[in-house]
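*Asks:* Here is my input, please return the structure:
(chains A and B)
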Protein chains: 2
Amino acid sequence: MNPRDPNYVMIFDTTLRDGEQAPGCSMALPEKLRVARALAELGVDVIEAGFPVASRGDWEAVNGIAREIEGPVIAGLARCNAEDIERAARALEPAARKRLHVFLATSAIHRKFKLNMAKDEILKSAVEAVRLARTFADDVEFSPEDASRTELEFLKEVVTAVVEAGATTVNIPDTVGYTVPQEFSEVFRYLRTTVPGIDRVTLSVHCHDDLGMAVANSLSAVQAGARQVECTINGIGERAGNCSLEEIVMALRTREAYFGLKTGIHSTRLYPTSRLVSSITGMPIPRNKSIVGENAFAHESGIHQHGMLKHHSTYEIMRPQDVGLARTHLVLGKHSGRHAFRERVEELGFELDEIELNRVFDEFKALADRKKELFDGDIEALVLRSEGESSGPWSLLALDTVSGLSAPANATVRLARKGKDPVEKQAHGDGPVDAAFKAIEAATGINVSLRKFELRSVSEGEDAQGEAVVYVEYNERTYRGSSVSTNIVESAVRAFLEVINRIELSRQTGVRQPRERRSKATAAAKAAI
Amino acid sequence: MNPRDPNYVMIFDTTLRDGEQAPGCSMALPEKLRVARALAELGVDVIEAGFPVASRGDWEAVNGIAREIEGPVIAGLARCNAEDIERAARALEPAARKRLHVFLATSAIHRKFKLNMAKDEILKSAVEAVRLARTFADDVEFSPEDASRTELEFLKEVVTAVVEAGATTVNIPDTVGYTVPQEFSEVFRYLRTTVPGIDRVTLSVHCHDDLGMAVANSLSAVQAGARQVECTINGIGERAGNCSLEEIVMALRTREAYFGLKTGIHSTRLYPTSRLVSSITGMPIPRNKSIVGENAFAHESGIHQHGMLKHHSTYEIMRPQDVGLARTHLVLGKHSGRHAFRERVEELGFELDEIELNRVFDEFKALADRKKELFDGDIEALVLRSEGESSGPWSLLALDTVSGLSAPANATVRLARKGKDPVEKQAHGDGPVDAAFKAIEAATGINVSLRKFELRSVSEGEDAQGEAVVYVEYNERTYRGSSVSTNIVESAVRAFLEVINRIELSRQTGVRQPRERRSKATAAAKAAI
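*Replies:* Okay, the predicted model is just below:
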């Protein structure tokens, strides 16, 4: 599967595995499928779909993606034991092209404090795992966790052993984000010159951003011979996150004359994919984020620099259209037709089937009745908005709030519940949103702790839509809900109701629901690589 | 002023100049002084306080910082012309230690499209400017703008000429964020081996993050002999931003054994300084930001990993306390005394004088009456909160909102105006906030375009405080306002009123007010380095 071209760098996307492990970034199965589809369209070579043994949800996600997504290789993660490998293999069965990715920590600190294993035990375990994995798949990747802090000599022994055992890709992770470019490239040069048969396998790199150097470290590995980069959309991931896909891809592309390397990524799909992942995870894209941030391109910053920018390359090394940023100030309104709407949706990088387009167009017309002008941000919000409260038993029938400076705010909510009579409750609170949340808690009998609440406008104008994101804690789990509306109180309340519905589903089925944080038991298994 | 130790790397902070130039990051004079004080406490070697010729506000900021801030060298930026240099020199006059920083673009693309100057004209202009600057200050820095895209041979000529003319620091900027570590270190090696007298000056590096490599490029320059790094708190700056101060400092510190270098930064002040800059600029710190992000330390992420983390260094290369992250779940409440409060404020890294402490303690008591439990986020918000609406003619007397699903929301506001009768107006809108904004517009007669609205909880619980940030456009300028309250509608309205007050002040004085974006004329001068 490694393209024959020696100058081709494979992009291994782990947004759905390492990215999804970040606090606040967990996704439900339909959301994961949506991201996986977008990644396939983006042109990634490998999708790491999850860690099947971590939870039933993870197994189902890997299995669902293996079944539905065509194009990229689908990978599943496993520790070096038979149960992990067999469960991952079963989850991956439907995939046209599959990869088993096994890992084991090799650094002294992990050997001593995490694994309590000696060097020879590590070697034996890694070799057995790779051999077992090869009985399920021809494509097997091995990662020595915390490789950047592993003694070079021992790292060489491990890599030599797993290559001999049949690993087809060897990934060198900087698990804790500790290395620097020059030092890391020396590790790759050392392995390439000392490990027998290393030229027959693909060398891969996996970096974390704890010291802000994930992209540079990945590039330094590529310069030293790595031909696969593991990365995530928007750089989401544990702690400070992973190497950002859009940054590494655009660095290779912008400096192609320097590196002489290429990837299979369709760069014009970077921006829409970035927006999709941000919308689904609820992790906003920082304004000054490289490549996809609001300020990344000077003339998008709102400063009128026409006089100065006689030539765009004076201050820009990329053009916004190269990364799919096709924002205009073209405004749609209630008289805009279906054709114009579809065209704009496509220009923004979304590909909707007829059914989805119909749904979104209906919502567009409804919104256009309330809002004079619809901007790109509005259209994105319509396309990206989650199904929200519709997936659970409760729905909002009425919401009335009264708020002032001198007295507590007051909210009355009326909720419908599937198969039962509607419930109406009234509550006081610090503001209309606080009061409404309390009324919903009284109506549903579910009392939660609010962890975080965020709201931001998604377009312009005083009638701009507001996207609300709510995080609550319930029974030691964290749930997230989001909603978009031109009325920010309504938006907050619908986001809160989505959370309540998720909790209800979780209570009814007893199964871990999407958007929850994993339990303690799973946390032990999740901090891999 | 260059410490004699050859292994000492000077930290040149440009948060107040290059950082402040970023869209949405402009600061008022009192805010700049607050940041400058925090930078001095942090231990930076140089504070670049502004670009005096850019506006009257910039000149006053540089002058005020030069007058008030002790410790670091205070630098002011100037183009290569007499007016720029003389105005910068006058602004810097009160400083105990001052630096004039002159710059001129040297790359082919800038010579042709921006300056329309030949190579010999560039050389002549740079030399004259450095000579003139030396008549005002012993400490003169020269920056060849867009150095990383300048022909090496010509770069050498320029650097040779300015060193001969008396520059004491030569800064090599990667103005467009284009270079990569290996390539950039070769530029520094080349200059160090070819420029006569280069050892007598300090070589400096200034990187932008367009390809996500600002920190790594800066480090590569340091490895090749640079002994000054130009950077900003939280990496704020033009486009994708500048090299992040906290990342470069913690990279050098964490990998001290590898680099053998040190800085004068008190790392425990990194987190409080980061929070201060975020609060003042309204630029949130991304959750997965290296060093100072909410997720940067695993055990701060809310995941219970006690079982796994037998030894903190298994997954952490820094300790949160190293960067001043002293957050606890210690909760204060209405019965907490002054002593406990002061202690917590100090643990959070704030140093308040008696007057400030009294003000904040009073606000703490008032808040504790409304909110059961006060978390670290609440205390930070109290300390960091801006003066807000109090600085202008309008203040909020009453605010009543009514909102439902079926009909438009309704808001009534009653505003006091200095020296005049109060005004009361009522308006309809899409939600209570929209309606209240419209009522304020009607009451004040100032009609603005809302560009952006953001709100987020600053602590936990349903009675958490919400911080609202509002950006509006008025007369082709952008204004920002922010406010914190437990009632999110009130918070939004106070932020909006802060904006209205700023506009009023701007109309009355005819002078550019803080927190506005610069005008077109100034934009031409601002995109330096």
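
*Asks:* just the helices in the stretch 201-350 of chain A please.
*Replies:* Here the stretch 201-350 of chain A has its helices, by DSSP state H, counting those that start in this stretch, at A:214-223, A:245-254, A:256-259, A:270-281, A:338-347.

*Asks:* now those helices as a markdown table including distance to chain B, mean neighbour count and mean pLDDT?
*Replies:* Every C-beta, even on glycine, is put in place using the N, C-alpha and C of the backbone. Below are those laid out as a markdown table (distance: least, CB to the nearest CB, whole Å; neighbours: other CB atoms under 10 Å in any protein chain shown; pLDDT from 0 to 100):
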| stretch | distance to chain B | mean neighbour count | mean pLDDT |
| --- | --- | --- | --- |
| helix A:214-223 | 3 | 28 | 98 |
| helix A:245-254 | 4 | 26 | 97 |
| helix A:256-259 | 7 | 13 | 96 |
| helix A:270-281 | 10 | 24 | 91 |
| helix A:338-347 | 21 | 15 | 84 |
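
*Asks:* In CSV, list those helices along with distance to residue A:288.
*Replies:* Formatted as CSV, the helices of the stretch 201-350 of chain A follow (distance: least, CB to CB, whole Å):
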stretch, distance to residue A:288
helix A:214-223, 15
helix A:245-254, 13
helix A:256-259, 25
helix A:270-281, 14
helix A:338-347, 25
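
*Asks:* Quick one: closest of those helices to residue A:354.
*Replies:* Proximity to residue A:354 (CB to CB) singles out helix A:338-347 among the helices of the stretch 201-350 of chain A, at 10.1 Å.

*Asks:* other SSEs contacting the next helix or strand after that closest one?
*Replies:* On the C-terminal side of helix A:338-347, the nearest following helix or strand under DSSP states H and E is helix A:354-370. Packing contacts for helix A:354-370, counted by 3 or more CB pairs under 8 Å, 6 or more residues apart in numbering or on different chains; DSSP states H and E, involve helix A:338-347, helix A:376-384.

*Asks:* part of a strand, is residue A:11?
*Replies:* Yes. With DSSP: H, G, I helix; E, B strand; the rest coil as the criterion, residue A:11 is part of a strand.

*Asks:* Could you tell me the model confidence score at it?
*Replies:* The score at residue A:11 is 98. That number is its pLDDT.

*Asks:* Pull the contacting residues for it.
*Replies:* Residues near residue A:11 by CB atoms under 8 Å, 6 or more residues apart in numbering or on different chains: A:43-46, A:228-229, A:231, A:245, A:248-249, A:263-265.

*Asks:* who's in contact with the closest residue in space to it that isn't next to it in sequence?
*Replies:* Closest residue in space to residue A:11, ignoring its immediate chain neighbours: residue A:44 at 4.8 Å, by CB to CB, 6 or more residues apart in numbering or on different chains. Contact partners of residue A:44, counting by CB under 8 Å, 6+ apart, are A:11, A:12, A:13, A:72, A:245, A:264, A:265.

*Asks:* redo that, cut-off 7 Å
*Replies:* Neighbour list for residue A:44: A:11, A:13, A:72, A:265 [criterion: CB atoms under 7 Å, 6 or more residues apart in numbering or on different chains].

*Asks:* quick one: the last one and residue A:45 touch, right?
*Replies:* Going back to what we said before, that points to residue A:265. No. Using CB atoms under 7 Å, residue A:265 is not in contact with residue A:45, being 9.1 Å away.

*Asks:* Now the phi/psi pair for the spatially closest residue to residue A:381 that is not a sequence neighbour, please.
*Replies:* Nearest in space to residue A:381, with sequence neighbours left out and distances taken as CB to CB, 6+ apart, is residue A:458 at 4.4 Å. Backbone torsions of residue A:458, given as degrees, to the nearest 10, read phi -100, psi -10.

*Asks:* Quick check: the gap between residue A:458 and residue A:464.
*Replies:* Using CB to CB, to the nearest Å, residue A:458 is found at 7 Å from residue A:464.

*Asks:* Any residues of the stretch 351-500 of chain A in contact with chain B? List them.
*Replies:* Along the stretch 351-500 of chain A, the residues adjacent to chain B under the rule CB under 7 Å from any CB of the partner chain are A:370, A:398-405, A:409, A:430-434, A:437-438, A:449-457, A:460-464, A:466, A:478, A:486-490.

*Asks:* So which of those belong to helices?
*Replies:* Within those, residues falling in helices by DSSP state H are A:370, A:432, A:433, A:434, A:437, A:438, A:488, A:489, A:490.

*Asks:* Among those, list the two that are farthest apart in space.
*Replies:* A:370 and A:438 (27.3 Å).

*Asks:* Please say which of those two ends up with more neighbours.
*Replies:* More crowded of residue A:370 and residue A:438, by other CB atoms under 10 Å in any protein chain shown: residue A:438, with 22 against 14.

*Asks:* Not counting sequence-adjacent ones, nearest residue to the more buried one?
*Replies:* With CB to CB, 6+ apart as the criterion, residue A:438 has its nearest non-adjacent residue at 3.7 Å, and that residue is residue A:427.
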